[in-house]
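**Student:** sequence and computational prediction follow.
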Amino acid sequence: MSLQLSGICIIAAMLFFYFRLIRLQRAKITLARQAAAQENAVNKAGGKPRKSKSYFYEHRFRIVNWYLLIGAIVLVFAGAFISTSEAFGELVRSLWWLPTAAGIVVGSFCFA
């Protein structure tokens, strides 16, 4: 099996997407651990006990820009439509991976 440029670009876009989500998750866990350590230090120092709050069970990601996310989803679906539609010429159908990869990469920047 030989990989074409389209397959390599889609795989690279998906890896970029997943590595970005992994980086965001690790940063959130680090901040949660720091917040929990600060709260424990305050409690040990004789401060007021606060309501028990778990920092690790909050929502994992939040969407920064809904319009950008919808645009990214439209790009991915446009790439799928272009690849399967007979309405486009052979040259356009061979470039289905461009909007698909662009949608995946743009979608990765919609999360924080």
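**Tutor:** Right, received. Where do you want to start?
**Student:** quick one: low-confidence parts of this structure?
**Tutor:** For the chain, residues meeting the criterion pLDDT under 70 lie at 1-2, 45-59.
**Student:** so which bits of stretch 61-75 are buried?
**Tutor:** Buried residues in stretch 61-75, counted by 16 or more other CB atoms under 10 Å: 69, 71, 72, 75. C-beta here means a position set from N, CA and C on the backbone, and glycine is covered the same way.
**Student:** just how off-centre is that stretch within its chain?
**Tutor:** 10 Å (CA atoms, centre = their mean, to the nearest Å).
**Student:** what does it rub up against?
**Tutor:** With contact meaning CB atoms under 8 Å, 6 or more residues apart in numbering, stretch 61-75 is reached by 21, 24-25, 99-100, 102-104, 106-107, 109-112.
**Student:** take those and keep only those in helices.
**Tutor:** Secondary structure defined by DSSP state H assigns 21, 24, 25, 99, 100, 102, 103, 104, 106, 107 of the contacts of stretch 61-75 to helices.
**Student:** surely the last one and residue 17 touch.
**Tutor:** Yes - contact status for residue 107 versus residue 17: in contact at 6.8 Å, counting by CB atoms under 8 Å.
**Student:** I'd assumed residue 105 was in contact with residue 16.
**Tutor:** Yes - if you go by CB under 8 Å, residue 16 and residue 105 touch, sitting 6.1 Å apart.
**Student:** between these two, who's got more neighbours?
**Tutor:** Set residue 16 next to residue 105 and count neighbours by other CB atoms under 10 Å: residue 105 wins out with 18 against 14.
**Student:** could you find the closest non-adjacent residue to the more buried one?
**Tutor:** residue 13 (5.2 Å; CB to CB, 6 or more residues apart in numbering).
**Student:** please apply the same query to residue 112.
**Tutor:** residue 64 (4.8 Å).
**Student:** swap in residue 28?
**Tutor:** residue 60 (7.1 Å).
**Student:** my understanding was that the one you found contacts residue 27; is that so?
**Tutor:** No - in terms of CB under 8 Å, residue 60 does not count as a neighbour of residue 27; the distance is 11.4 Å.
**Student:** thinking again about what came up before, pretty sure the residue nearest to residue 28 is in a strand, no?
**Tutor:** No - read with DSSP: H, G, I helix; E, B strand; the rest coil, residue 60 is coil and lies in no strand.
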